[in-house]
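1. mind folding the following:
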Amino acid sequence: MKLPDLQPRWPLVACGVSMCLTMALVLSADSTHDAQPPASPKFEPHPDAVFTDDFSSGKLDSWHADRDGVWKVKHGMLVADLPDAKQQHSALYAGDEDWTDYAVDLDVCGMRGVDKGVVVRVKDARGIGIDLRGPGYQDLKVHLNESPITRVDIANANTVWHHMHVEIRGLRCRILVDGTELVNKRMPNRIPLSGKIALMAYTGGAGECTVYYDNVVVTSLDATASRKQ
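-> Okay, the predicted model is just below:
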């Protein structure tokens, strides 16, 4: 919308218009920043789960964050909210470094920014990252730390819940998003053979990130694995 030209003899009017525009932009940004996602999908417990969290307790006792002030439970959902600056990131860890072959199911809804996803087999600061990238990219990237492994196109809008299913068995990884298989391939020999899971928040080049998670379930793919809750 184009504003009419303001004559020099109206400096106070011009100043007032400028202040109103600035306030409108700030209020608009705050509104987007605080916007709530739609209701998350219904939680469906798995009888063979080794780890579950639908965040209904309001606590994060089973999780460990790598920085303060980013992760919290809000309205029965997990939310990560990073400062608006490029290349900010945070991870929220759960599980056991002895976990080997397992599947992770989760629901995720990006509200601001691009990146969202999960890291599997996190051990000694290494892990297999599955990054579901939204506006401007619309793809899924798999990487080992900073080393890319594969990329697949997949539409995944913000303000919409998406279901991710990741299986890691030996050196093979299988990934489905919203029921569509995107990856089923052998990973590099150098990947960790066991490790925790981590949920991710990352501002990237977009310089913003607000992302919601819910209904995290980990199931063992090893019938002999001990059950850990």
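2. contacts for stretch 178-193?
-> For stretch 178-193, contacts defined as Cβ atoms under 8 Å, 6 or more residues apart in numbering pick out 100, 121-124, 126-128, 140, 142, 144, 147, 149-150, 152, 154, 156, 162-163, 168, 170-176. Heads up, the C-betas are built off the backbone N, CA and C, glycines and all.
3. can you give me the helices in this protein?
-> Using DSSP state H, the helices of the chain run over residues 11-33.
4. which of the contacts of stretch 178-193 are buried?
-> The neighbour count (16 or more other Cβ atoms under 10 Å) marks 100, 121-122, 127-128, 140, 142, 144, 149, 154, 156, 162, 168, 173, 175-176 as buried among those.
5. which one of those residues is nearest to residue 197?
-> Of all the buried ones among the contacts of stretch 178-193, residue 197 sits closest to residue 122, with 6.6 Å by Cβ to Cβ.
6. point out where this protein drops to low pLDDT.
-> The model of the chain has pLDDT under 70 over residues 1-33, 223-229.
7. roughly how far apart are the spatially most central residue of the chain and residue 215?
-> By Cα atoms, centre = their mean, the mean C-alpha position of the chain lies nearest to residue 116, the distance being 2.9 Å. The gap separating residue 116 from residue 215 is 14 Å, by Cβ to Cβ, to the nearest Å.
8. over to residue 196?
-> Separation of residue 196 from residue 215 (Cβ to Cβ): 18 Å.
9. now do residue 95
-> Distance, residue 95 to residue 215, using Cβ to Cβ: 16 Å.
10. circling back to that earlier point, please narrow the buried ones among the contacts of stretch 178-193 to those residing in strands.
-> Residues of the buried ones among the contacts of stretch 178-193 located in strands (DSSP state E): 121-122, 127-128, 140, 142, 144, 149, 162, 168, 173, 175-176.
11. could you identify the most distant pair in the residues you listed?
-> 144 and 162 (22.8 Å).
12. give me the number of residues near the nearest residue to residue 67 once chain neighbours are set aside?
-> Leaving out its chain neighbours, the residue that sits closest to residue 67 by Cβ to Cβ, 6 or more residues apart in numbering is residue 90, at 5.0 Å. Here the number of neighbours of residue 90 (other Cβ atoms under 10 Å) works out to 21.
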